[in-house]
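Participant: just need the structure, nothing else, for what follows:
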Amino acid sequence: MRYIAVFAFSLSAALAQEASISITGAVASPVKLQLSELASMPRQTITLTEPDGSKDEYEGVAVIDLLKKAGVPTGSKLRGKALTTYILAKAHDGYQVLYSLAELDPDLTQGKFIVADKRNGKPLFDYQGPLRIVAGTDKEAARSLRMLEELEVVQLKK
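Facilitator: A predicted model of the protein is given here:
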C-alpha cells in the first residue's frame, strides 16, 4: 500500500509540473504559461476566511499580470471599447466564471484576483489545482475557480 501512495503522489506531482494556463481570444499574442514560469513571476497573497472561520493563505500571480503578457490593454490603456472586454475563466471540470477586464485591473478597482498555485505555502490539493483563481474581495468563493486551465479574452462589439 505504501508504494501505491508514493506512486500516486509522484504522479500527482508530475502532472502539476506539466500544468499550464492558456490565455486566448481577443489578445495581441496568445500565451501558454507553464507552472514553472508562473513561479518566477512577481507573487501576491490573498487570505480567505472559510465558512468555518479558518483562514487560508493563497499565493500566486495577479491575473492582470498574466493578461498583460498576452497584450491585453490595462491601466491607462483600458478606456473606451476596451472597457467592454470580459474574461471567461475555464476549469478542467467544465466550470466557467466571467470577470470584466475592468474589475481585474487594480488601476481601476479595489479588486484583488490571483492565479494561485499554493495554499498555506504548499501546492494546491488535486481537487483545487494545480491552478486556481482566487477572487480576494468576493464575499463568497463561488468565483474562486478551481482547476483553472484557460483565460479566454472576449471583446464585445457594438
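Participant: how far off centre is stretch 68-80?
Facilitator: For stretch 68-80, the distance from its own C-alpha centre to the chain's C-alpha centre is 18 Å (CA atoms, centre = their mean, to the nearest Å).
Participant: average pLDDT for that stretch?
Facilitator: Model confidence over stretch 68-80, given as mean pLDDT, is 90.
Participant: please enumerate residues in contact with it?
Facilitator: If you take CB atoms under 8 Å, 6 or more residues apart in numbering as the criterion, stretch 68-80 is touched by 23, 27-31, 33, 64, 67, 82, 85, 101-102, 105, 107-108, 153. All C-beta atoms are positioned from the backbone trio N, CA, C, and that covers glycine.
Participant: could you find the closest non-adjacent residue to Y58?
Facilitator: Closest residue to Y58 in three dimensions, ignoring its sequence neighbours and counting by CB to CB, 6 or more residues apart in numbering: A116, at 4.0 Å.
Participant: number of nearby residues for the one you found?
Facilitator: A116 is flanked by 30 other residues according to other CB atoms under 10 Å.
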